[in-house]
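Enquirer: A predicted structure for the sequence below; I have some questions about it.
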There are 2 protein chains.
Amino acid sequence: MIESRERQRRKRGSLSAEEIVDAALRILDDQGEDSLTFARLGTTLGSAPTAVYRHFASRDDLLNALGDRLDAISLAGYAPTDEWRTDLEDLAWRAWRVAIAHPAASALAMSRITNGVNELRAVDAILRALERAGIRGREAVLQYQVYANIVVGSAAGHGARLSGRGEPRTPEGWVQAYTPTDPTLYPYAEALKSELRLIDYETVFAKHIEMYLDALAVLADRADAAD
Amino acid sequence: MIESRERQRRKRGSLSAEEIVDAALRILDDQGEDSLTFARLGTTLGSAPTAVYRHFASRDDLLNALGDRLDAISLAGYAPTDEWRTDLEDLAWRAWRVAIAHPAASALAMSRITNGVNELRAVDAILRALERAGIRGREAVLQYQVYANIVVGSAAGHGARLSGRGEPRTPEGWVQAYTPTDPTLYPYAEALKSELRLIDYETVFAKHIEMYLDALAVLADRADAAD
DNA sequence: ACCTGAACACCGTTCAAGT
DNA sequence: ACCTGAACACCGTTCAAGT
């Protein structure tokens, strides 16, 4: 039997930006946040590492494309309704689920401004919901930013936690170290130390979204009254 | 004249963790997010690059110490009052100002869980304010997380923008690219394109904090009523 | 036009040797 | 005990050469 370790030459035009992003996502899913290198991309693609440069100007450029891919995954099958709150809740949890499905990629690329098509689709979907809440103009752009801040920040952070060099996971939540040298200096933290040790970030996210949408509902009511 | 390019040998014990973090902060302030390397640390410290390993186990470990330093800078001169809202506003803007003063360091280290003393001081200060708002127990820990999420996420993101490979700055705000191939596909974004192009992130932050504290005030009133 | 492979200028980290 | 310097196993990126 002949072991053919030699890689076959890639036919010209057989490599595409899409296939490269596929490979990047797979590598990150399997091997974590630090695993995405040109060498590994080459191995996964069956090409020379440098072939990637024919399709992306740099690693940074590739990460932006990966970010737009995450937006695409997040929006897949999304259908807006007539309820702005339903839509903003839906979109928020979609981002959260992407962070769980692709933690390393989310940590690396989710909080990037990609200027990609799918990012634009997301912006448009959010502005549509805000419009239905009666929030328009500059206020809508402000609220879009606040909403995106919460959702993207929380999801990317969760990805970093899941993929990461972070603290070890426990069934109930996340172990957070609390071991002060002199506890009397931090009485409020000391009083809550057992609660601080176990934080369930999904509950935090749910609460955060709920609070924000409640606050938005107040603005929506005011906008209604002004109509 | 004799040019002495040779570095003098560091006396033993003359290097400290604090001095190394000083140097790291200075390098990042002067040369940006990608500039922090062991080689440059060595040059700045007048030591061999590897001397740093005597005080930090890894680059990651050093970045955690840098994160705690940012917390220290943020809290310098902080004095709590009897008004929980004043305190939470103060702490939020302190983080924002640190991001402006040290953008690259903030982008790299601000959103880390450092387990440092100054992080604990910040946690305690926030829990104190929440307690004065009548928010206690598990709810306090949840609200601490939500608040920290907003503040640290916004500030670290602002640092990344200021230090970064981001979009070019304009006097009024930040230029965000909006150049869709078919604008009719994104009607809501299209309608707000001029607003989307100019985003003032400080106004977004101010709005975000204000909304959150308003929402917290509602919880505080409910807690008062329950007393 | 697209892919390859050698070369370049780095990087973080390890470790035996100095003082 | 702490600092040094050589060595190691990588990195992203450039570029001339192949097909």
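Expert: Perfect, I can see it now.

Enquirer: got the buried residues for stretch A:95-114?
Expert: Neighbour counts over stretch A:95-114 (16 or more other CB atoms under 10 Å in any protein chain shown) mark A:95-96, A:98-99, A:101-114 as buried. C-beta coordinates here come from the backbone N, C-alpha and C atoms, glycine included.

Enquirer: Then stretch A:77-95?
Expert: A:84-85, A:87-95.

Enquirer: near chain B at all, that stretch?
Expert: No: figure legend: stretch A:77-95 not in contact with chain B (CB under 8 Å from any CB of the partner chain); closest approach 10.5 Å.

Enquirer: quick one: contacts of that stretch?
Expert: A:74-75, A:110, A:122, A:125-126, A:128-130, A:132-133, A:147, A:150-152, A:155, A:205, A:209, A:213, A:216-217, A:220 (CB atoms under 8 Å, 6 or more residues apart in numbering or on different chains).

Enquirer: So which of these would count as near chain B as well?
Expert: For chain B, the contacts drawn from those by CB under 8 Å from any CB are A:128, A:150.

Enquirer: on that earlier part again, narrow the buried residues of stretch A:95-114 to those in helices?
Expert: Here DSSP state H is the test, and the buried residues of stretch A:95-114 give A:95-96, A:98-99, A:101, A:103-109 as lying in helices.

Enquirer: A:Ala148 against A:Ile126, yeah?
Expert: Yes: here A:Ala148 lies in contact with A:Ile126, judged by CB atoms under 8 Å, at a distance of 7.0 Å.

Enquirer: Comparing the two, which residue is more hemmed in?
Expert: Remark: of A:Ala148 and A:Ile126, A:Ile126 carries more neighbours, 24 against 20, as counted by other CB atoms under 10 Å in any protein chain shown.

Enquirer: quick one: the helix or strand where that one lies to chain centroid distance?
Expert: Here A:Ile126, judged by DSSP states H and E, is contained in helix A:117-132. How far helix A:117-132 lies from its chain's middle: 16 Å, per CA atoms, centre = their mean, to the nearest Å.

Enquirer: ok, then the element right after that helix?
Expert: With DSSP H and E, the next secondary element past helix A:117-132 is helix A:137-163.

Enquirer: Tabulate the buried residues of stretch A:77-95 (a markdown table), appending pLDDT and secondary structure.
Expert: Below are these laid out as a markdown table (pLDDT from 0 to 100; DSSP: H, G, I helix; E, B strand; the rest coil):
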| residue | pLDDT | secondary structure |
| --- | --- | --- |
| A:Trp84 | 98 | helix |
| A:Arg85 | 98 | helix |
| A:Asp87 | 98 | helix |
| A:Leu88 | 98 | helix |
| A:Glu89 | 98 | helix |
| A:Asp90 | 98 | helix |
| A:Leu91 | 99 | helix |
| A:Ala92 | 99 | helix |
| A:Trp93 | 99 | helix |
| A:Arg94 | 99 | helix |
| A:Ala95 | 98 | helix |
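
Enquirer: just curious, which of the residues you listed is nearest to B:Thr179?
Expert: Distance to B:Thr179, by CB to CB, is smallest for A:Leu91 among these, at 23.1 Å.

Enquirer: and the closest one, how far is that from DNA strand D?
Expert: 31 Å (CB to the nearest atom of the strand, to the nearest Å).

Enquirer: Report the separation between that residue and B:Ser35.
Expert: Applying CB to CB, to the nearest Å, the value for A:Leu91 to B:Ser35 is 37 Å.

Enquirer: Over to A:Val98?
Expert: Applying CB to CB, the value for A:Val98 to B:Ser35 is 32 Å.

Enquirer: before we move on, what about A:Ala65?
Expert: Applying CB to CB, the value for A:Ala65 to B:Ser35 is 26 Å.

Enquirer: go on, A:Ser106?
Expert: Using CB to CB, A:Ser106 is found at 26 Å from B:Ser35.

Enquirer: Give me the pLDDT for the closest residue to A:His208 other than its chain neighbours.
Expert: Nearest in space to A:His208, with sequence neighbours left out and distances taken as CB to CB, 6 or more residues apart in numbering or on different chains, is B:Val146 at 4.7 Å. We have a pLDDT of 98 for B:Val146.

Enquirer: Can you report how many residues lie near B:Val146?
Expert: Residues lying near B:Val146 (other CB under 10 Å) number 21.

Enquirer: residues touching it, list them.
Expert: A:204, A:207-208, A:211, B:212.

Enquirer: Buried only: go through those for me.
Expert: For these, a burial check counting by 16+ other CB under 10 Å picks out A:204, A:208, A:211, B:212.

Enquirer: A:Leu213: neighbour count?
Expert: When neighbours are defined as other CB under 10 Å, A:Leu213 has 17 of them.

Enquirer: Flag every residue of chain A that's near DNA strand D.
Expert: A:12, A:36-40, A:49-50, A:53, A:58-60 (CB under 7 Å from any atom of the strand).

Enquirer: Now do the nearest residue to A:Ile100 once chain neighbours are set aside, the pLDDT please.
Expert: Spatial nearest neighbour of A:Ile100, excluding adjacent residues (CB to CB, 6+ apart): A:Leu162 at 6.8 Å. pLDDT recorded at A:Leu162 is 96.

Enquirer: Ok, A:Glu172 next?
Expert: We note a pLDDT of 56 for A:Glu172 in this prediction.

Enquirer: Same check on the one 3 residues further on?
Expert: Note for A:Val175: predicted pLDDT of 59.

Enquirer: least trustworthy helix or strand in chain A by mean pLDDT?
Expert: The helix or strand of chain A with the poorest confidence is strand A:174-175; it has a mean of 58 (mean pLDDT, DSSP states H and E).

Enquirer: show me where pLDDT drops low in chain A?
Expert: Scanning chain A for pLDDT under 70 picks out the ranges A:1-6, A:165-178, A:227.

Enquirer: Which residues of it lie near DNA strand C?
Expert: Residues of chain A lying near DNA strand C (CB under 7 Å from any atom of the strand): A:7, A:9-15, A:42, A:47-48, A:50-51, A:53-55.

Enquirer: from these, which would you call buried?
Expert: Among those, those scoring as buried are A:15, A:42, A:47, A:51, A:55 (criterion: 16+ other CB under 10 Å).

Enquirer: Next, format those residues as a markdown table and append secondary structure.
Expert: Listed next are these as a markdown table, based on DSSP: H, G, I helix; E, B strand; the rest coil:
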| residue | secondary structure |
| --- | --- |
| A:Leu15 | coil |
| A:Gly42 | helix |
| A:Ser47 | coil |
| A:Ala51 | helix |
| A:His55 | coil |
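
Enquirer: what's the burial count for A:Ala217?
Expert: 13.

Enquirer: which residue packs closest to A:Ala191, ignoring adjacent ones?
Expert: Nearest to A:Ala191 is B:Leu127, by CB to CB, 6+ apart, at 7.9 Å.

Enquirer: Verify the stated contact: the one you found with B:Gln143.
Expert: No: counting by CB under 8 Å, B:Leu127 stays clear of B:Gln143, with 9.1 Å between them.

Enquirer: Fine by me, thanks again.
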